[in-house]
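1. Based on what follows, work out the 3D shape:
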Amino acid sequence: METEKTLSRRSALKTGAIIAPFGILASQSLGEPSDKLNVACIGCGGKGRSDVADVAGENIVGLCDVDSARAASTFKKHPDVPKFKDYRRMLEKLDKQIDAVTISTPDHTHYPAAMMAIEMGKHVFVQKPMAHTVWEVRQLMAAAKRNNVVTQMGIQGHSHDGTRRLKEWIAAGAIGDVREIHYWTNRPIWPQGIYTPTDKPAVPGSLDWNLWLGTAPQRAYNPAYAPFAWRGWWDYGCGALGDIGCHAMDAAFWALDLGAPTSVAAETSLQTDDVAPAWSKVTYEFPALGNRPGIKVLWHDGGQKPERPEALEEGRDLNEGIGGQLLYGDKGVIMADTYCKSPRLIPETSMREFMPNAPEKSIPNSPGHMKEFLMACKGEGTPGASFDFSGPLTEMVLLGNLAVRTRKHLKWDSANMRTDDKDANQYLTKAYRKF
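-> Sure, this is the predicted structure:
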């Protein structure tokens, strides 16, 4: 039987009470620091392994994965926690026990799982991109606000110190007015620009293929789709742009308050209706805002890269590895890695000249990306990548895919959620299979 204290605690946790901006302590305490959340985890293999590990200090009350083999190592670490294959059954059965939910699944399952949890009043942490279509983004944002739950999207770079420094430097005019931004990535590191397989191998015994497909169209199992390679197939993933775009574009999107673009265009290699192209170049145009001029944003993937900046010293390479970013201002250039861990003015002489006059740190450090979410669920702070921020960022990324799939120059009407092209508009939402 639940005590009055337990009920009071549960009520506070479900409303994310006493929320304050992160780094500013709430005026009251939710209770003893030892109070723990009851967390249910959807997706325990792949990225889910680390997400489950990140909440292991709380009370994990349920673990769900459609593939028991992929989730085996996580399941083994939590032998006494109930295990499920269907997230719907887990949420229904454990409803009264759950305060918060983590979602670490292929992209196409983010929306249905998150929406069900949110409508049940659960706080939600969902991996990037938070949704598979623009319509889903807007539905999740509205539902989170309607149900007054805490949300966070898994873009860990948003909690890095480098992301905070970039925002402060831009605000201080370190490179003047930013007018152009370039991103590049080594993604895809899985097959794209290929043909849909026609063979029908047996489904692994550990995998429930119907539950893996979820709301996606019925299709025979093939290892070309799962695990991991689902990222390149439009029914399940969002291509290279969806995989890394939310990470790479995060810092500048925040620093410059980019908001919604007015247009987006793309050129790509050959592609089919099923699978994303081997490479693409995407160009966004953002309107002026206040004293900030309009900004052009260019995305390069699949081995494509921007021109080498004149300010970069001879013998010094563009950031390699996953990729990088360049911000061009009318007074200088900033180069950073994909996650903006260490932004630097280039050439290095400009960095050395700038640092003695760099603005004082004004944005509080993050306790950690998942920690932000967990603390906010208990009433302390507001996550930096809540749906209020990560929704518009995800929408920007997904709009790029509209241009990729149509190879057209599209004008975007954000207020009415439509482009000027009927072929592109069909990708703003999708049909959902009953399973």
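
2. can you give me phi and psi for the residue nearest the centre of the chain?
-> The centroid of the chain falls nearest to Lys128 when counting by C-alpha atoms, centre = their mean (2.3 Å). Backbone geometry at Lys128, expressed as degrees, to the nearest 10, gives phi -70, psi 160.

3. Identify the residues contacting it.
-> Going by C-beta atoms under 8 Å, 6 or more residues apart in numbering, Lys128 touches 153-155, 246-247, 390, 394. C-beta here means a position set from N, CA and C on the backbone, and glycine is covered the same way.

4. Recalculate using a threshold of 6 Å.
-> The neighbours of Lys128, taking C-beta atoms under 6 Å, 6 or more residues apart in numbering as the test, are 153-155, 246.

5. before we move on, what about Phe125?
-> 102, 152, 373.

6. Let's have those in TSV, adding neighbour count, distance to Asp330 and secondary structure.
-> Compiled in TSV, the contacts of Phe125 are given as follows (neighbours: other C-beta atoms under 10 Å; distance: C-beta to C-beta, whole Å; DSSP: H, G, I helix; E, B strand; the rest coil):
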residue	neighbour count	distance to Asp330	secondary structure
Thr102	29	43	strand
Gln152	29	35	strand
Phe373	27	38	helix
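
7. Can you tell me the closest non-neighbouring residue to the residue nearest to the centre of the chain?
-> Nearest residue to Lys128, sequence neighbours excluded (C-beta to C-beta, 6 or more residues apart in numbering): Cys246, at 3.9 Å.

8. Arg164 against Ile363, yeah?
-> Yes: taking contacts as C-beta atoms under 6 Å, Arg164 lies within contact range of Ile363: 4.2 Å.

9. So for these two, which sits in the more crowded spot?
-> Ranked by neighbour count (other C-beta atoms under 10 Å), Arg164 and Ile363 place Arg164 first, with 23 against 16.

10. So for the more buried one, what's the pLDDT?
-> The model reports Arg164 with a pLDDT of 98.

11. so what does the helix or strand hosting it touch, helix or strand wise?
-> In this assignment (DSSP states H and E), Arg164 forms part of helix 161-171. Counting contacts by 3 or more C-beta pairs under 6 Å, 6 or more residues apart in numbering; DSSP states H and E, helix 161-171 packs against helix 250-255.

12. Extract the C-alpha trace of the helix it packs on and format it as PDB.
-> What follows is helix 250-255 as a C-alpha-only set of coordinates in PDB (Å, rounded to 0.1, in the frame of the first residue of the first chain):
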ATOM      1  CA  ASP A 250      23.100  21.800 -32.400                       C
ATOM      2  CA  ALA A 251      25.700  24.400 -31.200                       C
ATOM      3  CA  ALA A 252      25.200  27.000 -34.000                       C
ATOM      4  CA  PHE A 253      21.400  26.500 -34.000                       C
ATOM      5  CA  TRP A 254      21.400  27.500 -30.300                       C
ATOM      6  CA  ALA A 255      24.100  30.200 -30.500                       C
END
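
13. begin at 19 from here
-> From this message on, residue numbering opens at 19, which makes the last subject helix 268-273.

14. Show the average pLDDT along it.
-> 98.

15. That helix packs against which elements?
-> helix 179-189.

16. Show me the contact partners of the helix it packs on.
-> 175, 269, 272-273, 358-361, 377, 380-381.

17. of all those, which comes closest to Ala247?
-> Set against Ala247, the nearest of those by C-beta to C-beta is Gly175 (24.1 Å).

18. Secondary structure class of that closest one, three-state.
-> helix (DSSP: H, G, I helix; E, B strand; the rest coil).

19. Who are the contact partners of Thr424?
-> Under the criterion of C-beta under 6 Å, 6+ apart, the neighbours of Thr424 are 441-442.

20. And it, what's its pLDDT?
-> pLDDT for Thr424: 98.

21. how many other residues sit next to the residue lying closest to Lys140 once chain neighbours are set aside?
-> Once flanking residues are discounted, Lys140 sits nearest to Val119: 4.9 Å by C-beta to C-beta, 6+ apart. Other residues lying near Val119 total 27 when counted by other C-beta under 10 Å.

22. Looking at the record's assignment, how would you partition the protein?
-> Domains of the chain are assigned by automatic domain parsing as 22-176+386-407, 179-210+239-380+412-446.

23. mean pLDDT lowest for which of these?
-> domain 22-176+386-407 (a mean of 88).

24. for the stretch 219-368 of the chain, what spans make up the strands?
-> 281-286, 298-304, 313-319, 341-347, 351-355, 362-364 (DSSP state E, counting those that start in this stretch).

25. got the ones you listed as CSV, with distance to Cys62 and mean neighbour count columns?
-> Formatted as CSV, the strands of the stretch 219-368 of the chain follow (distance: least, C-beta to C-beta, whole Å; neighbours: other C-beta atoms under 10 Å):
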stretch, distance to Cys62, mean neighbour count
strand 281-286, 34, 20
strand 298-304, 32, 21
strand 313-319, 29, 22
strand 341-347, 28, 23
strand 351-355, 29, 23
strand 362-364, 38, 20
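
26. can you list those strands in a markdown table and add distance to Arg425?
-> What follows is those, written out as a markdown table (distance: least, C-beta to C-beta, whole Å):
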| stretch | distance to Arg425 |
| --- | --- |
| strand 281-286 | 6 |
| strand 298-304 | 9 |
| strand 313-319 | 14 |
| strand 341-347 | 22 |
| strand 351-355 | 29 |
| strand 362-364 | 33 |
